[in-house]
Structures are given as structure tokens and as C-alpha cells.
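Colleague: coords please:
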Amino acid sequence: MDDARQQIIERLESLEIKASFTEDLLDQLNMTIYRQQELIDRLAQEVIQLRRQVPEGGGAAPRNLRDELPPHY
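Modeller: Below you'll find the model as predicted:
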């Protein structure tokens, strides 16, 4: 019976270690998601500001691709 009890204790300790690592990983992932959301929010604000800077109808004029060719063509 001592052998079975020792195996159970070892398995329990192993599970506790895995749970601890899992909690640490979850905390790291949550922090990563939090930072990514902050970045997304900042980028969205920048897009809004850039859209405000573009004049109405800006970029709506048809482009001629020949105007974009380098001079040597």
C-alpha cells in the first residue's frame, strides 16, 4: 500500500506543478492580449485621425497608371 500511496503523491505533485506552469502561461497570454488590444486601439485612433486629415473626395479622382511609370519607360 505504501507504494501505491507514493505513486499517488507523485502524480498529485506532478499535477500541481503542471497547474502552476499553466497559470503562469495563462497570465502571460492575458498580458499579451491586453497589450495587443491597447495597440489595436491606438492604431484605430490613428486611422480615425488620418481619415480626418484627408480632404473630402480625396483619392476619388481616377488615376492614370502611365503617370506612375518611372521616367525611363
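Colleague: Next, S20: phi, psi?
Modeller: Torsion angles at S20 (phi, psi; degrees, to the nearest 10) stand at phi -60, psi -50.
Colleague: Run a quick neighbour tally on it.
Modeller: S20 has 10 neighbouring residues, counting by other C-beta atoms under 10 Å. Any C-beta I mention is one placed from the backbone N, CA and C, and that applies to glycine too.
Colleague: got it, and I33?
Modeller: I33: 10 surrounding residues under other C-beta under 10 Å.
Colleague: distance between the helix or strand hosting it and the chain's centre?
Modeller: Following DSSP states H and E, one finds I33 within helix 2-53. How far helix 2-53 lies from its chain's middle: 12 Å, per C-alpha atoms, centre = their mean, to the nearest Å.
Colleague: pLDDT on it, on average?
Modeller: Average pLDDT, helix 2-53: 97.
Colleague: Could you tell me how far M1 is located from L26?
Modeller: To L26, M1 is 37 Å away according to C-beta to C-beta, to the nearest Å.
Colleague: which of those two has more neighbours?
Modeller: Neighbours per residue (other C-beta under 10 Å) separate M1 from L26, with L26 holding more: 10 against 5.
Colleague: And what about H72, helix, strand or coil?
Modeller: Secondary structure state of H72, per DSSP: H, G, I helix; E, B strand; the rest coil, is coil.
Colleague: what's the burial count for it?
Modeller: 4.
Colleague: For it, give its distance to L65.
Modeller: Counting by C-beta to C-beta, the separation of H72 from L65 is 16 Å.
Colleague: do the same with V47
Modeller: For V47, the distance to L65 - C-beta to C-beta - is 27 Å.
Colleague: Alright, I will stop here.
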